[in-house]
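Asker: okay, sequence plus prediction incoming.
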Amino acid sequence: MKKLSLIISILYSLIPVNELSSAPGRRLTKKLRQESEEADSQLAPQAGTSRVSTRSKRARDHEEADGKKQALARILVLAQQASGYYRSQRIRNMYDPEDSKQFKLSRSKLGDYFRCRRCFYFDRKLGVAQPPGYPLSLNGAVDELLKKEFDRYRELEQPHPLCIENKINAIPFKHKDIDKWRDALHGGLQYKVPGTNITVTGAPDDIWVDQATGQLIVVDVKATANSIDEVESLEALWKAGYQRQVEVYQWLLSKNNFDVSPRAYFLYCDARVDVGSFDNKLDFTMKLVPYDGDSSWVEPRVMEAYECLQSEDFPSSNKDCRHCSYVEQVKEYM
């Protein structure tokens, strides 16, 4: 069998170039090399006498085969980590009712519970997640640039021009943990739910503070290509998820002992398509849409999700779940 170090070149081709120079990329590279060297050592012929009994040779062959399986399994897991593509089965970050360690339940995963309890259960407890959609890189770029813009006014302790334009008496909230709160992957707002091993997390796009009342205001950014007439309405059924999103943030802030305004704002950044040409830039129309949230539902639903994960029985699926519907349709042909 060829040396498994050859696989390293294949794995490198799966890692996006811009990620190789990052700290996680460097750590993954080092790990891949270590795993490859260990695999090679396991697969290498063992030194020893050539005069061995048939039985001992058979035992050695079994040991070598087991070593190959284990080495290849580790390499494949690392390949999945390197590729960033969909992994149908996770082996980590799954809920264990017997584990005393806190299990993080993100705002987005709580949203999954709303959409389909069965899919939520398969994902969080069994490690089988729904296939992901394509990453919205442009939306992420808009979010990141707006955060930098808000941060400038945060340092100046001055209102953003949008607040002045909309007669909102608020400025970006200045706090030592603001960057942590806005980082969903490495922190976010967190709250340990008493009597459970669940920690709910969520990362708002930004937080402002009302200068008159001192209450905190949740701000959520939405990059779209809709008309302004469309974005002004929050009545569309699919936008109920937007509303729940900011309400979870409001709940998390209140659970961290902050005085929170029920008024939140959706900042719609609408890419204009009525211009003559692209010219290497996108023009956006920006609009603040107010929303008065009610977070009273959050804790009861968190407890429902917790009880769902505690159960050994599969929950029923949502009749509108397209993933469950797809599975049921496929079953008819199997």
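Answerer: Looks like it came in fine.

Asker: so what's residue 97 closest to, chain neighbours aside?
Answerer: Take residue 97 and drop its neighbours on the chain: the residue closest to it by C-beta to C-beta, 6 or more residues apart in numbering is residue 310, 5.2 Å away. No exception for glycine: its C-beta is placed from N, CA and C like everyone else's.

Asker: swap that for residue 286, please
Answerer: Distances taken as C-beta to C-beta, 6+ apart put residue 269 closest to residue 286, at 5.5 Å, once the chain neighbours are dropped.

Asker: can you report phi and psi for that neighbour?
Answerer: Main-chain dihedrals, residue 269, degrees, to the nearest 10: phi -110, psi 100.

Asker: about what we covered before: and the residue nearest to residue 97, backbone torsions?
Answerer: Dihedral pair for residue 310: phi -70, psi -30, per degrees, to the nearest 10.

Asker: right, and it touches residue 98 too?
Answerer: No: between residue 310 and residue 98 there is no contact, the gap being 10.2 Å when judged by C-beta atoms under 8 Å.

Asker: who has more neighbours out of those two?
Answerer: With other C-beta atoms under 10 Å as the criterion, residue 310 and residue 98 differ in neighbour count, and residue 310 comes out ahead with 12 against 5.

Asker: the more buried one and residue 271, how far apart?
Answerer: To residue 271, residue 310 is 44 Å away according to C-beta to C-beta, to the nearest Å.

Asker: and for residue 257?
Answerer: 39 Å.

Asker: and these two? Which one has more around it.
Answerer: The residue with more neighbours, out of residue 257 and residue 271, is residue 271; 15 against 6, by other C-beta under 10 Å.

Asker: so what's the more buried one bridging to?
Answerer: Following DSSP bridges, residue 271 is listed with bridge partners residue 284.

Asker: now that it has come up, it's in contact with residue 278, right?
Answerer: No: taking C-beta under 8 Å as the definition, residue 271 is not a contact partner of residue 278, at 10.7 Å.

Asker: in which helix or strand does residue 324 reside?
Answerer: The secondary structure element spanning residue 324 is helix 322-331 (assigned by DSSP states H and E).

Asker: give the buried residues for that helix.
Answerer: Residues of helix 322-331 classed as buried under the neighbour-count rule (16 or more other C-beta atoms under 10 Å) are 323-324.

Asker: what of stretch 267-286?
Answerer: 267-270, 282.
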